[in-house]
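*Asks:* predicted model follows, preceded by the sequence.
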Amino acid sequence: MPSTAPVGLGSPTVTTEIRTATRDDAESYLRCVGTAFLEPEPDDTAWATYWLDTMRPDLDRAWGAFDGRQVVGTLRSLPFELTVPGGRTVPADGVTMVTVAATHRRRGLLTRMMAEDLAAAAGRGDTASILLASEWRIYGRYGYAPATEGAEWEIDRRAALCPPPAGRLEAVTVRELRPLAPAVYDRARLRRAGGLTRPAPRWDRDLGLTHPTGEKPEWVGRVVLHRDAAGEPDGYLRWHSGWGDDPRIELTVDELVAATDEAWVDLWRFALAVDLVTHVRAAGRPVDEAVPWLLGDGRAARQTRRGDQMWLRLLDVPAALTARSYGGSGRVVLEVLDPAGYAAGRFALDASPDGATCVPTAEGADVTLPVTTLGSAYLGGHRLGQLARAGLADEHRPGALRVADRLLATDEAPHTTLHF
Ligand SMILES: CC(C)(COP(=O)(O)OP(=O)(O)OC[C@H]1O[C@@H](n2cnc3c(N)ncnc32)[C@H](O)[C@@H]1OP(=O)(O)O)[C@@H](O)C(=O)NCCC(=O)NCCS
């Protein structure tokens with residue numbers, strides 16, 4: 001439901017309206033986004049048209065704060081399927097393009113746009129809302145918390161002593177890869193919790209086949225395809241490099257997607273086999289990726305960065321907890337605190353490797369925790385015990401946190417496959 005309210009204290013008579021954008025608002029909408037993200041001013045409307053087209057058919061999810069005709073705040077959401085532990089998916093509301101003009105900041109506009117989007121997401125039946133946060137402090141107040149982490153690897157190629165790839169690798173053009181990549185990606189995203197569908201318009205953009213301004217594509221590089229023994233594509237690598245005066249020559253892994261372990265090994269080995277290159281760098285990778293174990297000398301690989309990646313806000317606790325799998329068996333009563341109401345309640349989780357039930361209960365709680373804490377633990381990326389030590393969960397029955405942690409733990413760290 002769109003809302004109109006006076007802007008906060010100190011602002012004379014201006015009234016801002018929160019509503020979804022129309023095509024007529026495109027230029028102003030995109031200017032607000034571009035300015036907040038410190039992008040150069042576009043010199044024509046091609047950029048706005050491009051972005052609008054990538055929004056379709058979801059303009060009804062492009063929230064804006066309007067000061068008269070001028071867009072002074074933006075928040076757009078996209079539909080995603082989110083992979084949960086065990087390989088099933090849940091519908092997730094992916095929040096992006098969150099900005100408020102510096103002229104209108106700290107007057108509650110983000111809070112109002114967020115309230116509209118979360119209400120719409122809950123109304124649609126989305127299990128969770130997800131986003132990537134530019135700053136840690138923005139989104140906790142809305143119930144989001146870090147749920148997956150990403151790592152950057154740097155590998156000294158000459159010290160790595162990596163054997164060459166053994167499988168079927170094929171240097172293809174980007175245009176040859178384009179029709180094959182979505183099926184490979186869709187298999188790969190289901191292999192690890194945190195995986196996301198890739199919106200169709202993103203393929204051409206991410207492969208550098210379309211570009212907003214008619215100038216340089218957003219990505220320029222090379223691709224290599226991996227096939228299984230039957231000849232089916234099961235992995236691909238996008239990479240780029242450059243050769244200049246610097247004796248250090250870096251190869252950047254822009255995307256390494258593997259639907260099988262064989263493809264994963266061969267694509268990494270390929271990246272490490274390119275001659276002239278001295279160092280290989282790969283960002284946004286899983287934190288527990290087994291890269292050092294591929295090398296003759298594991299010390300040649302260093303994790304140079306590690307940090308929060310996808311933030312998650314649970315909207316429907318029973319749907320979320322019954323969708324995922326569990327490694328062990330146990331029962332625990334969780335009291336979830338959520339001032340916005342969506343996830344609030346006391347739930348009995350009864351889980352085993354065969355499945356789980358999660359139902360509202362009037363029994364006493366074993367553990368009380370805010371929705372943010374459960375969001376951090378949901379995909380297996382963080383332990384409740386660790387969060388409790390920081391004061392972010394309370395145990396009422398001795399051992400209950402251990403039981404809950406053993407249930408929620410996953411073999412692999414969750415990882416988000418897409419930057420959105
Ligand atoms: C993040 C952003 C949209 C927040 O806009 P805003 O106008 O401050 O939003 P609101 O007024 O609704 O803020 C709500 C609350 O969050 C707080 N808050 C907002 N941004 C914050 C930040 N970066 N750090 C700490 N607190 C923040 C506000 O102080 C306010 O607190 P209060 O309710 O206690 O008064 C805006 O600062 C912005 O456009 N930043 C640059 C682009 C960006 O980083 N976007 C996020 C992309 S993930």
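*Replies:* Okay, I see it.
*Asks:* tally of neighbours for the nearest residue to residue 413 once chain neighbours are set aside?
*Replies:* Among residues not flanking residue 413 along the chain, residue 288 sits closest, at 4.5 Å (Cβ to Cβ, 6 or more residues apart in numbering). Yep, even glycine has a C-beta here, placed from its N, CA and C like the rest. Neighbourhood size, residue 288 [other Cβ atoms under 10 Å]: 14.
*Asks:* which elements pack onto the longest helix seen in the chain?
*Replies:* In the chain, assigned by DSSP state H, the helix with the most residues is helix 109-124. Counting contacts by 3 or more Cβ pairs under 8 Å, 6 or more residues apart in numbering; DSSP states H and E, helix 109-124 is packed against strand 3-6, strand 15-20, strand 62-67, strand 70-83, strand 89-100, strand 128-132.
*Asks:* out of those, which one sits most buried?
*Replies:* Highest mean neighbour count among the helices and strands packed on helix 109-124 (mean count of other Cβ atoms under 10 Å): strand 128-132, with a mean of 25.
*Asks:* contacts for that strand?
*Replies:* The contact list for strand 128-132, computed with Cβ atoms under 8 Å, 6 or more residues apart in numbering, reads 77, 80, 82, 90, 92-96, 98, 117-118, 121, 139, 144, 147, 196, 309-316, 320, 375, 378, 416, 419-420.
*Asks:* show me what residue 368 is bridged to.
*Replies:* Bridge pairing for residue 368 (DSSP bridges) gives the partners residue 335, residue 394.
*Asks:* tell me the average confidence for stretch 391-402?
*Replies:* For stretch 391-402, the mean per-residue pLDDT is 98.
*Asks:* just the endpoints, please. Distance across that stretch?
*Replies:* Terminal residues of stretch 391-402 lie 16 Å apart, using Cα to Cα, to the nearest Å.
*Asks:* buried residues, that stretch. List them.
*Replies:* Going by neighbour count (16 or more other Cβ atoms under 10 Å), the buried part of stretch 391-402 is 392-395, 400-401.
*Asks:* one more: stretch 327-335?
*Replies:* 327, 330-335.
*Asks:* among those residues, name the ones in strands.
*Replies:* Counted as lying in strands by DSSP state E, out of those, are 330-335.
*Asks:* before we move on, the earlier item: looking at the helices and strands packed on helix 109-124, which has the lowest confidence?
*Replies:* Among those, strand 3-6 scores lowest, with a mean of 53.
*Asks:* is the closest residue to the ligand within the stretch 301-420 of the chain part of a helix or strand, or is it coil?
*Replies:* The ligand sits closest to residue 311 of the stretch 301-420 of the chain, with a gap of 9.0 Å, by Cβ to the nearest ligand atom. Going by DSSP: H, G, I helix; E, B strand; the rest coil, the secondary structure assigned to residue 311 is strand.
*Asks:* quick check: it touching residue 142?
*Replies:* No: at 9.6 Å, residue 311 does not count as touching residue 142 under the criterion of Cβ atoms under 8 Å.
*Asks:* which one of the two has more residues nearby?
*Replies:* residue 311 (26 against 21).
*Asks:* in the stretch 101-250 of the chain, what residue spans correspond to strands?
*Replies:* 128-132, 145-146, 149-156, 168-172, 222-227, 233-241, 250-258 (DSSP state E, counting those that start in this stretch).
*Asks:* would you mind measuring from residue 86 to the ligand?
*Replies:* 29 Å (Cβ to the nearest ligand atom, to the nearest Å).
*Asks:* confidence score at that residue?
*Replies:* Residue 86 is given a pLDDT of 98.
*Asks:* so the residue nearest to residue 330 when sequence neighbours are not counted is in which element?
*Replies:* Nearest residue to residue 330, sequence neighbours excluded (Cβ to Cβ, 6+ apart): residue 403, at 4.6 Å. Using DSSP states H and E, residue 403 sits in helix 400-408.
*Asks:* quick one: distance of that helix to the chain centre.
*Replies:* The chain centroid and the centroid of helix 400-408 are separated by 25 Å, computed with Cα atoms, centre = their mean, to the nearest Å.
*Asks:* which helices and strands sit right next to that helix?
*Replies:* If contacts are counted by 3+ Cβ pairs under 8 Å, 6+ apart, helix 400-408 sits against strand 330-337, strand 345-352, strand 367-370, helix 371-378, helix 384-389.
*Asks:* if we can go back for a sec, got a markdown table for the ones in strands among the buried residues of stretch 327-335, with pLDDT too?
*Replies:* Shown next, in a markdown table, are these (pLDDT from 0 to 100):
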| residue | pLDDT |
| --- | --- |
| 330 | 97 |
| 331 | 98 |
| 332 | 98 |
| 333 | 98 |
| 334 | 98 |
| 335 | 98 |
